[in-house]
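Colleague: Kindly return the folded structure for what I paste below:
(chains A, B, C and D)
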2 protein chains.
Amino acid sequence: MPEDRPNPIAAQKRPRRVTAIEVARKAGVSRAAVSRAFSETAYLDAGKRELILQTAAELGYRPNALAASLQGNRTGLVAVIAGDLARQYDSAFVGELVSQLNAAGKWPIILGGPDTLTEQSVRQVLSYPLDAMIVRGGSLNAAIFDDAAQLSIPVIFSGRVVEAPLVDSVCCRNEAGARLAVETLISKGRRKIGYIGGPSDWSSENERLAGVISALQDAGLALSAKANADYSLNGGRDAARALLSDTNVDALFCANDAMALGALSAAKAIGQHHVPNTLSIIGFDDVPLAGLPEFDLTTLRNPVKRTVAQILRLLDARLADPTRKSEVVMISPELIERGTH
Amino acid sequence: MPEDRPNPIAAQKRPRRVTAIEVARKAGVSRAAVSRAFSETAYLDAGKRELILQTAAELGYRPNALAASLQGNRTGLVAVIAGDLARQYDSAFVGELVSQLNAAGKWPIILGGPDTLTEQSVRQVLSYPLDAMIVRGGSLNAAIFDDAAQLSIPVIFSGRVVEAPLVDSVCCRNEAGARLAVETLISKGRRKIGYIGGPSDWSSENERLAGVISALQDAGLALSAKANADYSLNGGRDAARALLSDTNVDALFCANDAMALGALSAAKAIGQHHVPNTLSIIGFDDVPLAGLPEFDLTTLRNPVKRTVAQILRLLDARLADPTRKSEVVMISPELIERGTH
DNA sequence: GCCGGTTGTGCGCACGTGTTCACATAAAAG
DNA sequence: CTTTTATGTGAACACGTGCGCACAACCGGC
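Modeller: I've put the predicted structure just below:
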């Protein structure tokens, strides 16, 4: 055998793990006994189990979860399409999701980064027998998720309602939230209301815009100004700067907090407006930053913990009964009245 | 067979995936041919490969990566101990890490949340045959990672230097960074310098403190005030408020940006100090927030992209040669001079 | 002393894949 | 026409595990 020449393939191999057979040999029992020692429900003499567990500890053995899953069991792996972790809300969301998944014994495989890369990653990660896939945010082509359906991998959407078999969704009442914001502004006496939205191919963006327009209509008003930015603080600042100098709005509703904070910054920089005396600003999400005294931003709380808890509930239900009917959970945002309106 | 009564075990089973055998049957070829069709290097008639790939697409088949890994191949799974995603720096770090790992075809399993939970999660996730484990931050008991060593799973530490076989580290020069900050303050004429540190069981914290003290010593000065907080903005604000009212420091160096921003907030709230005229504040990390005009924080850049790139380099090198000598990469922080010093 | 029941254990199959080995076929060379 | 070579292909094994099945050992009761 040509063992003497360095084998390039060997680099692809991972180091061998200790297996149940080796534990069995060392403990002087059968391999099946080792398997049983790690199973709560199986019959095994208490002393023998003790011996096996100790031998396993010495050798550094633990059952290979992947080999076990091969028999049709759950893998515990859940893919999470995370959106852009540079965004405050997305990162808070993923942090909470990871934490709750870990606590439930699920292992989140996170996909992130630029959308084009993510799309490719989604396809690749479907090579793993995932228990489920959780999708955050809106801009990915829904066609990729057909592949998941074909593989019978349940998908849970957050922030977008998708109607399809095997698919559940949890989503914020964007339109109601936007209405609430605009009604609050109107009740404060504002009449010239501007809106800074996000990327227009996001479903949540269209819902929020619809809420704005219909609330204004109900009050016999029209939108005084509108801009679209990229959900970032800097984007919001630039958009607000343009709006505030070109138009004479007395209120700005922003589709997320980051842009609202940018708008706040622009208002201060321009100097001719005073928040909240002559200008109101309301955001959306209630990220941790919004509550700091520096900003004290009035906003709509898009509750992270509650949303994530619902995702886990949907996940459990779906795993318990894969054929169950699709469920859509709507979450109402709550107005957090602070100092900018 | 008792197939008629509902089986509780069935709930544990995941839906079957389409297998290579089924594709082979439908395409009228052997199972081995299907396997070869998905392997770049294997011999297979071009037309036959085409037929197989098309049949596979129709049936929604793709090779099961886990079954493949069973033969000793790499799984592509990498556990990431993420620290606290609520912290700006950690979340920026994880975002970049996820993005670069995805691009490299690695699948990060993220563990996060409270430390006690994470510790338990680490043990559990070792049941999976991971290619490697990447550990961020400092407070976890190092003993858990012995388990990884026993399983021959390479560990890469970031933000902490650990000397052990199979273990690589990439770490910021914390002491040098702290020195740089203090020297900058001294050269600005500051003499009464205070320090707000993080949790004292973090290795990085001790290094930064050491740098502060030795830089002061070299200038014939002593530390005027010291407090420890929890790396959060609110914690930094509280600590700074106490320090500023109890002592007469003219400069604050904070162990991270969040606390520095909190200190900035406290200084503004108290009112009797003006940054940077009568009070200098320097942070550490250069999180995105620090660069905003609202804060314009002078800080030490702990470069995320460069650090993550080094982690991926170490990962590749370790996977290529699992027996290679441990490597420690030190990264120099860079002073970003903005408006608060 | 026999028998039914309880408790404990080993054998062997199945899971889905990549790869080696030997063999078949066809083309090229003699 | 025969022999060598190149090209494809299927059978069979290995990977590590959980579990069903059959069997062994033991105990108590008649």
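Colleague: Tell me which stretches of the stretch 1-150 of chain A form strands.
Modeller: With strands called from DSSP state E, counting those that start in this stretch, the stretch 1-150 of chain A shows them at A:77-81, A:107-111, A:132-136.
Colleague: Any part of the second one near chain B?
Modeller: Same thing as strand A:107-111. Yes: residues of strand A:107-111 contacting chain B under Cβ under 8 Å from any Cβ of the partner chain: A:107-111. Where you see a C-beta, it was placed from the backbone N, CA and C, and this is true even at glycine.
Colleague: residues in contact with the most centrally placed residue in chain A?
Modeller: With distances taken as Cα atoms, centre = their mean, A:Arg136 lies nearest the centre of chain A, 4.1 Å away. With Cβ atoms under 8 Å, 6 or more residues apart in numbering or on different chains as the criterion, the residues that contact A:Arg136 are A:80-83, A:90, A:93-94, A:158-159.
Colleague: and it, what are its bridge partners?
Modeller: For A:Arg136, the beta-bridge assignment (DSSP bridges) gives partners A:Ser158.
Colleague: Quick check: it vs chain B, distance?
Modeller: In this view, A:Arg136 and chain B are 13 Å apart by Cβ to the nearest Cβ, to the nearest Å.
Colleague: where's that residue relative to A:Val125, distance?
Modeller: According to Cβ to Cβ, to the nearest Å, A:Arg136 stands 15 Å off from A:Val125.
Colleague: show me the contacts for A:Arg36.
Modeller: Listed by Cβ under 8 Å, 6+ apart, the contact partners of A:Arg36 are A:42-44, A:49.
Colleague: got those residues as a markdown table, with distance to chain B, pLDDT and neighbour count columns?
Modeller: Below are the contacts of A:Arg36 laid out as a markdown table (distance: Cβ to the nearest Cβ, whole Å; pLDDT from 0 to 100; neighbours: other Cβ atoms under 10 Å in any protein chain shown):
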| residue | distance to chain B | pLDDT | neighbour count |
| --- | --- | --- | --- |
| A:Ala42 | 13 | 80 | 12 |
| A:Tyr43 | 17 | 82 | 7 |
| A:Leu44 | 19 | 87 | 18 |
| A:Arg49 | 18 | 91 | 19 |
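Colleague: Present those residues as a markdown table; the columns should include distance to DNA strand D.
Modeller: Supplementary listing: these in a markdown table, determined by distance: Cβ to the nearest atom of the strand, whole Å:
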| residue | distance to DNA strand D |
| --- | --- |
| A:Ala42 | 6 |
| A:Tyr43 | 9 |
| A:Leu44 | 11 |
| A:Arg49 | 13 |
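Colleague: State the number of residues packed around the residue of chain A found nearest DNA strand C.
Modeller: Per Cβ to the nearest atom of the strand, A:Ser30 is where chain A lies closest to DNA strand C, at 3.2 Å. Neighbourhood size, A:Ser30 [other Cβ atoms under 10 Å in any protein chain shown]: 13.
Colleague: Check the burial of the nearest residue to it once chain neighbours are set aside by counting its neighbours.
Modeller: In space, not counting the residues next to it along the chain, A:Ser30 is nearest to A:Ala24; the distance is 5.8 Å by Cβ to Cβ, 6 or more residues apart in numbering or on different chains. The criterion is other Cβ under 10 Å. On that basis, A:Ala24 has 21 neighbouring residues.
Colleague: With only the CA atoms kept, save the helix or strand harbouring A:Val212 in CSV.
Modeller: Using DSSP states H and E, A:Val212 sits in helix A:203-218. Provided in CSV are the C-alpha atoms of helix A:203-218 (Å, rounded to 0.1, in the frame of the first residue of the first chain):
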residue,chain,number,x,y,z
SER,A,203,-43.4,43.2,2.2
SER,A,204,-43.3,44.9,5.6
GLU,A,205,-42.4,48.2,3.9
ASN,A,206,-45.5,48.1,1.8
GLU,A,207,-47.7,47.3,4.7
ARG,A,208,-46.4,50.1,6.8
LEU,A,209,-46.8,52.6,3.9
ALA,A,210,-50.3,51.4,3.4
GLY,A,211,-51.1,52.0,7.1
VAL,A,212,-49.7,55.5,6.8
ILE,A,213,-51.7,56.4,3.8
SER,A,214,-55.0,55.0,5.0
ALA,A,215,-54.6,56.7,8.4
LEU,A,216,-54.0,60.0,6.8
GLN,A,217,-56.9,59.5,4.5
ASP,A,218,-59.2,58.8,7.4
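Colleague: Tell me which residue of the stretch 151-300 of chain A lies closest to chain B.
Modeller: Closest approach of the stretch 151-300 of chain A to chain B (Cβ to the nearest Cβ) occurs at A:Ser152, with a separation of 3.7 Å.
Colleague: tell me the contacts of that residue?
Modeller: In this structure, A:Ser152 makes contact with A:166, A:322, B:14-17, judged by Cβ under 8 Å, 6+ apart.
Colleague: Among the residues you listed, which ones lie close to DNA strand C?
Modeller: Among the contacts of A:Ser152, the ones lying near DNA strand C by Cβ under 7 Å from any atom of the strand are B:16-17.
Colleague: between the contacts of A:Ser152, which is closest to DNA strand D?
Modeller: Nearest to DNA strand D among the contacts of A:Ser152, with distances taken as Cβ to the nearest atom of the strand, is B:Arg14, at 13.2 Å.
Colleague: which residue sits closest to that closest one, ignoring its sequence neighbours?
Modeller: The shortest distance from B:Arg14 to any residue that is not its chain neighbour, by Cβ to Cβ, 6+ apart, is 5.3 Å, and that residue is A:Arg74.
Colleague: in which helix or strand would I find the residue of the stretch 151-300 of chain A closest to chain B?
Modeller: Short version, using DSSP H and E: A:Ser152 is in no helix or strand.
Colleague: Distance of it relative to DNA strand D?
Modeller: From A:Ser152 over to DNA strand D the distance is 20 Å, taken as Cβ to the nearest atom of the strand, to the nearest Å.
Colleague: A:Arg136 too?
Modeller: A:Arg136 sits 33 Å away from DNA strand D, taking Cβ to the nearest atom of the strand as the criterion.
Colleague: same thing with A:Ser265?
Modeller: 56 Å.
Colleague: and if you look at A:Asp286?
Modeller: Where DNA strand D is concerned, A:Asp286 sits at a distance of 44 Å (Cβ to the nearest atom of the strand).
Colleague: you'd agree A:Gln310 is up against A:Ile331?
Modeller: Yes: the pair formed by A:Gln310 and A:Ile331 meets the contact definition of Cβ atoms under 8 Å, at 7.1 Å.
Colleague: any shared contact partners between the two?
Modeller: Among the neighbours of A:Gln310, those also in contact with A:Ile331 (Cβ under 8 Å, 6+ apart) are A:Val170.
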